[in-house]
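Asker: coordinates only, sequence not included:
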């Protein structure tokens with residue numbers, strides 16, 4: 001039994017196996033109806049609990065469909081249904097769920113909810129997102145890059161905007177997959193030094209650059225994310241917009257990177273804020289492949305968790 005909690009907590013060889021497995025499964029599904037099962041069914045007879053304390057579109061649909069394609073069934077539970085940590089402890093909830101289901105995917109706020117769930121569960125636990133990291137997304141991003149450009153090792157990735165949870169997992173991935181990462185954003189929103197130190201400890205070059213045009217020079221991939229959280233107050237949104245406006249990904253910024261540089265965004269996007277529609281819908285954007293690849297990457301993660 002394997003938990004998938006964070007990219008830096010998973011062996012690099014296992015991560016490579018998952019990305020390669022995801023690409024094979026995607027190829028095998030070409031031309032099939034989306035509801036048709038896979039050729040092999042590693043989750044047949046298994047029940048997967050999908051717990052959402054945070055709202056979700058891509059995570060919910062991709063995990064639900066992925067389980068079904070591999071022969072399993074899902075049980076969708078919201079934070080209101082569960083009342084995690086309110087009354088019954090996380091540990092007791094993990095023990096109870098382990099008696100009912102074969103796997104738990106949780107999308108939550110506090111990382112300690114995830115880690116305590118994994119500590120006390122007798123079934124695999126997958127991190128669907130926390131305020132600290134988003135590893136499933138980055139596995140899909142690595143897969144997407146390699147579909148279009150080959151091995152990501154040695155590539156230059158530029159993150160623009162806020163050094164948030166997705167950026168943190170990109171730094172973990174830089175260390176594990178061997179690429180370099182440049183952060184372009186305002187100082188108050190720099191990534192956590194812990195994540196920067198991890199990537200550097202693995203030999204990746206991590207650069208903090210305030211000038212976005214200098215940051216994207218020779219970039220192979222430019223990544224953006226939303227500037228504000230759905231939970232931010234209006235005053236916080238305005239401050240963030242003022243700080244981040246110079247880091248918008250637009251045609252001029254893309255032109256300063258390599259001619260074949262890719263653009264990614266984990267979605268949902270606020271068109272006209274962190275990225276223009278011209279870039280999102282342009283020839284260098286791979287955001288729709290990236291969104292689809294959540295399905296395939298997560299199927300590979302679930303297979304690995306079961307040792308399949």
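Answerer: Received the coordinates, thanks. Please read all numbers here as calculations on a predicted model, not as lab measurements.
Asker: in which helix or strand would I find residue 147?
Answerer: If you go by DSSP states H and E, residue 147 is part of helix 135-149.
Asker: how about residues contacting the least confident helix or strand in the chain by mean pLDDT?
Answerer: Of all the helices and strands that make up the chain, the one with the lowest confidence by mean pLDDT, DSSP states H and E is helix 79-82; it has a mean of 76. Outside helix 79-82, the residues within contact range by Cβ atoms under 8 Å, 6 or more residues apart in numbering are 51, 52, 53, 54, 93, 108. Where C-beta positions appear, they are placed from N, C-alpha and C, glycine not excepted.
Asker: ok, 7 Å please
Answerer: Contacts made with helix 79-82 from outside it, assessed by Cβ atoms under 7 Å, 6 or more residues apart in numbering, are listed as 51, 52, 53, 93.
Asker: tell me which of those fall in helices.
Answerer: residue 93 (DSSP state H).
Asker: returning to that earlier point: next SSE after the helix holding residue 147?
Answerer: strand 156-160.
Asker: re the thing from before, now the least confident helix or strand of the chain: buried residues?
Answerer: Residues of helix 79-82 classed as buried: 79, 82 (neighbour count, 16 or more other Cβ atoms under 10 Å).
Asker: same check on stretch 295-307?
Answerer: Applying a neighbour-count criterion of 16+ other Cβ under 10 Å, the buried positions in stretch 295-307 are 295, 296, 297, 298, 299, 300, 301, 302, 303, 304, 305, 306.
Asker: the fifth one against residue 70, yeah?
Answerer: Translated: residue 299. Yes. At 6.1 Å, residue 299 counts as touching residue 70 under the criterion of Cβ atoms under 7 Å.
Asker: show me what the helix or strand in which residue 292 is found is packed up against.
Answerer: Secondary-structure assignment from DSSP H and E places residue 292 in helix 287-305. For helix 287-305, the packing partners by 3 or more Cβ pairs under 7 Å, 6 or more residues apart in numbering; DSSP states H and E come out as helix 12-28, helix 58-69, helix 135-149, strand 262-265.
Asker: contacts for the last one next, please.
Answerer: Put plainly, it is strand 262-265. Under the criterion Cβ under 7 Å, 6+ apart, residues 141, 144-145, 148-149, 221-225, 249, 254, 275, 279-280, 284-287, 290 lie in contact with strand 262-265.
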